[in-house]
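*Asks:* Need a 3D model of the sequence below.
(2 chains)
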Amino acid sequence: MHENLEKIKGFFKDEQSFFAAKQLLFETDEKLPRILLYRIIDSIRDAIFVIDKDWKYEYLNKKAKDSIQNQEKDYLGKTVWSIFPEIKTTKLGIAMQAAVKEKTFVRLDQFRYIDGRWFDIILISHQDYLIVIANEITRQKRVEVGYDNVIVKNRAILTAIPDDLYLIHDSGLVINYKEYPEFSDWSANYHTEFLNLREVFPESILDDLEKLMHDVVQKNKLASMEYTVDEYDGEKFYEIRLTKSGENEALAIVRNITIRKKAEILKNEFISLVSHELRTPLTSIKGAIELLIGGVAGEINNQAKSLLNICRKNTLRLVRFVSDLLDIESLDSGNINFTYQKHSLGDLVFTAVEGLKTFAGQFHVVLVYEKPTEEINVFVDEDRLNHCVGNLISNAVKYTPKYSSVIISVGSKDNVAYLLVKDFGPGIDQEFQPRLFHRFVQGQPPKDKLVGGSGLGLAITKAFVEAMLGKVTYDTSEHGSTFKIELPMVKENSRNLAEQ
Amino acid sequence: MRKLNSVLIVEDEEDIVEILKIAIEYDSSIQLSFANDGREGLRKVNIEKPDMILLDVLMPGMNGLELMTELNGNEILKEIPVVLLTSRVQRTEIQEYKKRGAIGVIEKPFAPLEIVARINSLWEEYERSKKSNP
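*Replies:* Numbers count the residues shown, from 1 in each chain, chains lettered A, B, ... in the order given. Below is the predicted model of the structure:
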């Protein structure tokens, strides 16, 4: 009796009601009047059904009545099998029969299909009775099922992802997250195989990786780096992305980018080859045409001259395109060097404007240069900046109307030097604006002009200016557009910006 | 100051050779001779000892840079100024070429009507630097 009592202690609301029940039991000794027993079990928080030896419901406690919406008259005196004929062969039905037969204690989880609730059921068979104790655990069960579901789905996602995923701890421990998606605790997880950074990543990147790891964990930012590995079937390229995933740990996504990298290399080599192969014949064509125009082969009439000028102009266009392609390729492959020197922005722009006056004249456009009132120095690569300024001015010339002007001005504000190129063209199409700085795109040409160009000018300008720590912006309306290059200004006393 | 009298053009592209020939002969009385690769160039430098070599960088066989290395290894020939013709535009390369001893770099495509002025000014600069720094 005592043992049994201890067993059911947990079914009571609290310790006090258990002791009260125990007291009652001991007062009445072994022969406990049924009515008294029922009073005790009414106070239990679980639903309790008492079933007699003929499988008839004999008693339901308060909680049990609640659970059947107080329809106890449909239960009392009737057999379990007549009310629920279907459960005889279910897990619960079989367990009940087994409990009675073997006079044992059985515990099981049971799902009730009619209302989707879960119960923790304890079956106690005692002499002539079967006591069914049911505790609703729907909420816990849902959490459990949900958790299991998430795990299963996570595993499915992880299996489908071609990338490798690792969790990296500050200490240098690593786990393969695809194998252990449930992993959560670095201090105690006995089912996890801990690896070491150098078992997973090549020796050559460990220092960089540790720095990156530190950055990610400390500053909580996403970071990535690329590396190569010599594998048995050739060189492979990988990209690793790190993101903070907990206290002192980061999730690393490692992607094989070999195909992309090889395609890029091939593309750049191809561009480089094509450009050089085009340059040689273009040198001959351009040279021959210029000699003819120059009268080296004798005087030529005006019509022939104008035809040769068409050849020359178009050859120059091809030459420019090839140069642009080479620049883009150099930018992509990182094979580009800037030679920085201190320059007066005003002087530099003045030279560029002078050089473009003839070009502008062909379009019947006047270049107006507004000199800065003070000396503004910038630390730039002269040729590259010239290229950028030239691009902006020639764009403006192409889009400003005939017999109008392009206004170029230089100034400074808050230690930032700027250059403005203003045209009076139709403005940039709203739809086109997001792609303005993309490669190989061109806006609608004005109706009366053949614009021409590679569609690379602004992309290169932006890349060059950004490489020189500046930025390119624009402002546009139907009255015209203004492009602005901003560059950090060099103070008179600073000797070398590159050293900073 | 000595005038530029003779130039050896080492270039594998026949058409470019022709353009250089027409342009230079039209504008000057410079004596020209030609070679279409580095090896022939080296042979002609040895025989003719031209005032200046106009040298293409990319050529099959012995290329321009290899020829320069050969010239630099010879006490007499290394004194002959070399102007490189190249379609590579990287400025780091230009600096590299100058370090190897080229007195100037002409980028392709070049303006043929300006070529004489260009090589003459490079020549004068070279002569001046020789005088001040013999």
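*Asks:* tell me the strands in chain B, going along the chain?
*Replies:* Along chain B, the segments classed as strands by DSSP state E run B:6-10, B:31-35, B:52-56, B:82-86, B:102-107.
*Asks:* now, of these, which is deepest in the fold?
*Replies:* Of all those, strand B:52-56 carries the top mean neighbour count, a mean of 25, counting by mean count of other Cβ atoms under 10 Å in any protein chain shown. Where C-beta positions appear, they are placed from N, C-alpha and C, glycine not excepted.
*Asks:* now that one and strand B:82-86, what's the angle there?
*Replies:* Angle, strand B:52-56 to strand B:82-86, by axes from the mean of the first three to the mean of the last three Cα atoms, to 10 degrees: 20 degrees.
*Asks:* touching chain A at all, strand B:52-56?
*Replies:* No: contact of strand B:52-56 with chain A (Cβ under 8 Å from any Cβ of the partner chain) is absent, the minimum separation being 9.8 Å.
*Asks:* between that strand and strand B:31-35, how big is the angle?
*Replies:* Put simply, strand B:52-56 runs at 40 degrees to strand B:31-35, going by the same axes, to 10 degrees.
*Asks:* Residues touching strand B:52-56, excluding its own?
*Replies:* Contacts made with strand B:52-56 from outside it, assessed by Cβ atoms under 8 Å, 6 or more residues apart in numbering or on different chains, are listed as B:4, B:6-13, B:16, B:20, B:41, B:45, B:64, B:67-68, B:71, B:80-86, B:102, B:106, B:119, B:122-123.
*Asks:* Distance from it to the middle of the chain?
*Replies:* Taking Cα atoms, centre = their mean, to the nearest Å, the mean C-alpha location of strand B:52-56 is offset from the chain mean by 2 Å.
*Asks:* what mean pLDDT does it have?
*Replies:* Along strand B:52-56, the predicted local confidence has a mean pLDDT of 96.
*Asks:* show me what contacts A:Asp66?
*Replies:* Neighbouring residues of A:Asp66 by Cβ under 8 Å, 6+ apart: A:Ala47.
*Asks:* I meant A:Ile87, not that one.
*Replies:* A:Val80, A:Trp81, A:Gly93.
*Asks:* so what's the residue nearest the centre of chain B bridging to?
*Replies:* The central residue of chain B, meaning the one whose C-alpha is nearest the mean C-alpha position (Cα atoms, centre = their mean), is B:Leu54 at 2.0 Å. When bridges are taken as DSSP bridges, the partners of B:Leu54 come out as B:Ile9, B:Val83.
*Asks:* quick one, longest helix in chain A?
*Replies:* Using DSSP state H to define each element, chain A has its longest helix at helix A:258-293.
*Asks:* Buried by neighbour count: which residues of it qualify?
*Replies:* Within helix A:258-293, the residues that count as buried by 16 or more other Cβ atoms under 10 Å in any protein chain shown are A:258, A:261, A:268, A:271-272, A:275, A:278-280, A:282-293.
*Asks:* same for chain B: which of those are within range?
*Replies:* Checked against chain B using Cβ under 8 Å from any Cβ, those give the following subset in range: A:Arg279, A:Thr280, A:Leu282, A:Thr283, A:Ser284, A:Lys286, A:Gly287, A:Ala288, A:Glu290, A:Leu291.
*Asks:* Could you pull up the residues touching the fifth one?
*Replies:* For A:Ser284, the residues meeting the contact criterion (Cβ under 8 Å, 6+ apart) are B:Glu13, B:Asp15, B:Ile16, B:Ile19.
*Asks:* The residues you listed in helices, which ones?
*Replies:* With DSSP H as the criterion, helices contain B:Asp15, B:Ile16, B:Ile19 from among those.
*Asks:* so which of those residues is the most crowded?
*Replies:* Taking other Cβ atoms under 10 Å in any protein chain shown to define a neighbour, the member of the ones in helices among the contacts of A:Ser284 with the most is B:Ile19, carrying 26 neighbours.
*Asks:* Which pLDDT does the model give the nearest residue in space to that one that is not next to it in sequence?
*Replies:* The shortest distance from B:Ile19 to any residue that is not its chain neighbour, by Cβ to Cβ, 6 or more residues apart in numbering or on different chains, is 3.8 Å, and that residue is A:Gly287. Here, the pLDDT recorded for A:Gly287 equals 93.
*Asks:* what sits against A:Gly287?
*Replies:* The contact partners of A:Gly287, by Cβ under 8 Å, 6+ apart, come to B:Ile16, B:Ile19, B:Leu20, B:Ala23, B:Pro109, B:Phe110, B:Pro112.
*Asks:* ok, for the last one, nearest residue in space, not its chain neighbours?
*Replies:* The shortest distance from B:Pro112 to any residue other than its chain neighbours is 3.9 Å, reached at B:Ala23 (Cβ to Cβ, 6+ apart).
*Asks:* In the chain, where is pLDDT below threshold?
*Replies:* No chain specified, so I'll use chain A. A:1-10, A:13, A:24-32, A:188-190, A:445-454, A:492-500 (pLDDT under 70).
*Asks:* my bad, the chain I had in mind was chain B
*Replies:* Those would be B:88-92, B:133-134, if you go by pLDDT under 70 across chain B.
*Asks:* What ranges does it have for its helices?
*Replies:* Under the criterion DSSP H, chain B contains helices at B:14-27, B:38-48, B:64-72, B:91-99, B:115-132.
*Asks:* for A:Ile240, phi and psi?
*Replies:* phi -120, psi 130 (degrees, to the nearest 10).
*Asks:* how near is it to A:Gly470?
*Replies:* From A:Ile240 across to A:Gly470, the span is 31 Å (Cβ to Cβ, to the nearest Å).
*Asks:* And the strand or helix carrying A:Ile41, how far out from the chain middle?
*Replies:* A:Ile41 is located in helix A:34-42, with elements delineated by DSSP states H and E. Per Cα atoms, centre = their mean, the displacement of helix A:34-42 from the mean C-alpha position of its chain is 63 Å.
*Asks:* Work out for me the element A:Gln16 sits within.
*Replies:* Assignment of secondary structure by DSSP H and E places A:Gln16 within helix A:15-27.
*Asks:* whoops, I mixed them up, A:Glu354
*Replies:* Taking DSSP H and E as the criterion, A:Glu354 maps to helix A:345-362.
*Asks:* returning to that earlier point: which one of the helices of chain B lies closest to A:Lys153?
*Replies:* Minimum separation from A:Lys153 across the helices of chain B (Cβ to Cβ) falls at helix B:91-99, 53.8 Å.
*Asks:* Which elements pack onto that closest one?
*Replies:* Contacts defined by 3 or more Cβ pairs under 8 Å, 6 or more residues apart in numbering or on different chains; DSSP states H and E place helix B:91-99 against strand B:82-86, strand B:102-107.
*Asks:* Dump those into a markdown table; add distance to A:Leu325 as well.
*Replies:* Written out in a markdown table, the entries for the helices and strands packed on helix B:91-99 read as follows (distance: least, Cβ to Cβ, whole Å):
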| stretch | distance to A:Leu325 |
| --- | --- |
| strand B:82-86 | 17 |
| strand B:102-107 | 16 |
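*Asks:* As a check, name the ranges of all helices in chain A.
*Replies:* Secondary structure of chain A (DSSP H): helices located at A:2-8, A:15-27, A:34-42, A:62-67, A:80-83, A:91-102, A:138-160, A:197-200, A:206-219, A:258-293, A:302-333, A:345-362, A:382-399, A:457-467.
*Asks:* and the fifth one, how far out from the chain's middle?
*Replies:* Shown here is helix A:80-83, whose average C-alpha point lies 58 Å from the average C-alpha point of the whole chain (Cα atoms, centre = their mean).
*Asks:* buried residues in it?
*Replies:* Within helix A:80-83, the residues that count as buried by 16+ other Cβ under 10 Å are A:Val80.
*Asks:* and the stretch 251-400 of chain A, which residues reach chain B?
*Replies:* Contact residues, the stretch 251-400 of chain A versus chain B (Cβ under 8 Å from any Cβ): A:276, A:279-284, A:286-288, A:290-291, A:294, A:296-297, A:319, A:323, A:326, A:330, A:335-337, A:339, A:383.
*Asks:* that older thread, out of the ones in helices among the contacts of A:Ser284, flag the one nearest to A:Ala20.
*Replies:* Among the ones in helices among the contacts of A:Ser284, and counting by Cβ to Cβ, the member closest to A:Ala20 is B:Ile16, at 112.2 Å.
*Asks:* Thank you, goodbye.
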